[in-house]
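Just the structure for this:
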Amino acid sequence: MAYATLDELTARLDWTLDADEERIAASALEDASDLAAHYGRDWPETNVPRLVRTLVLKAAVRYMRNPDGYTQSRAGDETLAWSDASGENAGTVYFTDEEIKLLEGLGGRKPGLGSVQVSAWNSKIRHRPGLVPVDYGGDAFPLFADEEEPW
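As a prediction, the model looks like this:
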């Protein structure tokens, strides 16, 4: 299951893939799609949001251009370097923190706070005095808990 095709990926690369690179690219697309489903949700392949497809392609292109996760390479003296900034993601298909936030938002997993009114089964909610009006035009805010003497 991949959210993007091999043709879409090769169109974003500036070289022609050989048979081994095509196999690696197909695996990279599958890995990126699995990560997108993990961070967002499991979209049907036929109805993937366009931004999800773009993020999957972006992660796969990032991997294809630098499969070993090098951060520095020198031709003289043959120096190669990896960065600890990528951590466990060095040399793998991964999404950046911003891309993860986008996927969470697209999948409806955006973190945040909410409030829910809780009541006992088969009880009736009573309106109490001591409610303070709010500026944004919503329901009044309860300020006092004493029904008898709100002030």
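
What does residue 11 show for phi and psi?
When read as degrees, to the nearest 10, the backbone of residue 11 gives phi -70, psi -20.

Tell me the confidence at it?
Among the per-residue scores, residue 11 holds a pLDDT of 92.

buried residues in the longest helix along the chain?
The helix of greatest length in the chain, counted in residues with DSSP state H as the criterion, is given as helix 19-39. Of the residues in helix 19-39, those buried by neighbour count under the rule 16 or more other Cβ atoms under 10 Å are 21, 24-26, 28-37, 39. Just so you know, the C-beta spots here come from the backbone N, C-alpha and C atoms, and that holds for glycine as well.

How far off centre is it?
Per Cα atoms, centre = their mean, to the nearest Å, the displacement of helix 19-39 from the mean C-alpha position of its chain is 16 Å.

where are the low-confidence patches of the protein?
Within the chain, the set of residues satisfying pLDDT under 70 comprises 70-75, 79-90, 125-133, 137, 142-151.

where do the strands sit along this protein?
Residue ranges of the strands in the chain, as given by DSSP state E, are 70-73, 80-82, 131-132, 141-142.

can I assume residue 40 is in contact with residue 51?
No: Residue 40 is beyond contact range of residue 51, at 9.8 Å (criterion: Cβ atoms under 8 Å).

Please save the CA atoms from stretch 111-119 in CSV.
What follows is the C-alpha trace of stretch 111-119 in CSV, where atoms were taken according to Å, rounded to 0.1, in the frame of the first residue of the first chain:
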residue,chain,number,x,y,z
PRO,A,111,-3.5,17.7,20.0
GLY,A,112,-5.5,20.2,22.2
LEU,A,113,-7.7,20.6,25.2
GLY,A,114,-11.5,20.3,25.3
SER,A,115,-14.2,20.2,27.9
VAL,A,116,-17.1,17.9,28.2
GLN,A,117,-20.1,18.3,30.5
VAL,A,118,-20.5,15.3,32.7
SER,A,119,-23.8,14.3,34.4
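
what distance separates that stretch from the centre of its chain?
Going by Cα atoms, centre = their mean, the spacing between the C-alpha centre of stretch 111-119 and its chain's C-alpha centre is 23 Å.

before we move on, what about stretch 50-59?
Taking Cα atoms, centre = their mean, one finds the center of stretch 50-59 at 11 Å from the center of the full chain.
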